[in-house]
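Asker: please find the sequence and the predicted model below.
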Amino acid sequence: MMYLILIAGFVLLIKGADFFVEGSSAAAKILKVPPLIIGLTVVSMGTSLPEASVSISASLAGKNELAVSNAVGSNIFNLMIVCGVCAAICPIAINKDTLKRDFPISIAAVGLLMGLGALGFSVGHLDGVILLAVFAGFLYLMVASAKKARQEAEDEYKAMPVWKLLLFVIGGAAAIVVGGKMVVSGASDIASAFGMTENLIGMTIVAFGTSLPELVTSVVAARKKEVDMAVGNVVGSNIFNILFVLGAAAAISPIVFSMENIIDTAVLIVMTAIVMAMCFKKKKLSRLHGLIMIGLYAVYTTYIFMR
């Protein structure tokens, strides 16, 4: 039964995120919000809604280890597997803004989380507010940058009926909330049944499940050779996961921060720096880089199962 609850939760999370993003994007276009801003905000955040739902639900349920491990585990998976698989299929060009701005911000965000968590081994209400405040600053930077780079030409767009738009947004949001609760419940039951820690479940099963939207979307894009923004989108989603997802979770309920969490956040910083270094010179990730990234993730997964 617990497996069915977990699988059903993942299905609701993934389809709910799809509907919510489509509905929100349609609403933004009707309101004439520039497409670039939609991509930087609605779409990138929408693909992170499963992580947000799981981590916030976990925080509300007092499953704090699951909150941190899900967000950090998803970030490592997104960076090393989603980008790695895409690069292995088709080399990825890297935007200079991603290298100069997004990568350093991502590393700084994880460093901030690790620093706050290491002080007293918890991320409290005030820490959550600090993370959310930094996220607000990041979002302002993104919107300002998008407005500056916006093209005057408008895309043709066939408006979605209002009733359908509302159904997608409200129905998608409801599915995400319910799916998040089911994933937390199912994952916790599995951890108890097999004597596994919630941190391990969060870093593996839950992290993989909540990252499925990014993985499927990116692999399809890679097969169509449309992966120019893949790394930028993943790094943006990773920033969202740390600053907003964990910030909101901690603001709701203080999160216990274990030594394993410190190690995992340190690994995320190192892996982000490695990927940044790989693509810094030629502004791209090659097939060899992709295979190296997948290999590093396999080594780290082996480690977390053995510790």
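Answerer: That came through fine.

Asker: where do the strands sit along the stretch 151-300 of the chain?
Answerer: With DSSP state E, counting those that start in this stretch as the criterion, the stretch 151-300 of the chain has strands at 255-256, 284-285.

Asker: let's have these in TSV, adding mean pLDDT.
Answerer: Listed next are these as TSV, based on pLDDT from 0 to 100:
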stretch	mean pLDDT
strand 255-256	87
strand 284-285	90
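
Asker: those strands: which one's closest to Thr204?
Answerer: strand 255-256 (19.3 Å; CB to CB). Quick note: C-beta positions are derived from backbone N, CA and C, even for glycine.

Asker: so what strands line up beside that closest one?
Answerer: Applying DSSP bridges, strand 255-256 is found paired with strand 122-123 (antiparallel).

Asker: contacts for the partner strand?
Answerer: Under the contact criterion CB atoms under 8 Å, 6 or more residues apart in numbering, strand 122-123 has outside partners Val68, Leu113, Leu116, Gly117, Leu131, Leu246, Ala250, Pro254, Ile255, Val256, Phe257.

Asker: Met160: which of the residues you listed is nearest?
Answerer: Of all these, Leu246 has the smallest distance to Met160: 32.7 Å, by CB to CB.

Asker: element containing the residue lying closest to Ile176 once chain neighbours are set aside?
Answerer: Leaving out its chain neighbours, the residue that sits closest to Ile176 by CB to CB, 6 or more residues apart in numbering is Gly16, at 4.0 Å. In this assignment (DSSP states H and E), Gly16 forms part of helix 2-30.

Asker: for that helix, name the packing helices and strands.
Answerer: helix 35-38, helix 44-46, helix 49-60, helix 162-194, helix 207-210, helix 212-223 (3 or more CB pairs under 8 Å, 6 or more residues apart in numbering; DSSP states H and E).

Asker: which residues does the residue nearest to Ile176 contact?
Answerer: Leu49, Gly171, Gly172, Ala173, Ala174, Ala175, Ile176, Gly179.

Asker: quick check: the farthest pair among the residues you listed?
Answerer: Farthest pair in those (CB to CB) is Leu49 and Gly171. Separation: 13.2 Å.

Asker: those two: which is more packed in?
Answerer: Counted by other CB atoms under 10 Å, Leu49 and Gly171 do not tie: Leu49 has more neighbours, with 27 against 15.

Asker: what about the closest residue to the more buried one other than its chain neighbours, how many residues nearby?
Answerer: Spatial nearest neighbour of Leu49, chain neighbours left out: Ala17 (4.7 Å); criterion: CB to CB, 6+ apart. Ala17 is flanked by 28 other residues according to other CB under 10 Å.

Asker: ditto for Gly179
Answerer: Neighbours around Gly179, by other CB under 10 Å: 27.

Asker: check contacts around the closest residue to it other than its chain neighbours.
Answerer: Leaving out its chain neighbours, the residue that sits closest to Gly179 by CB to CB, 6+ apart is Leu12, at 3.0 Å. In this structure, Leu12 makes contact with Ala175, Ile176, Val178, Gly179, Met182, judged by CB under 8 Å, 6+ apart.

Asker: buried deepest among the helices and strands packed on helix 2-30, which one?
Answerer: helix 49-60 (a mean of 28; mean count of other CB atoms under 10 Å).

Asker: now for this structure, the helix or strand with the poorest mean pLDDT.
Answerer: In the chain, the helix or strand scored least confidently by mean pLDDT, DSSP states H and E is helix 35-38, which has a mean of 54.
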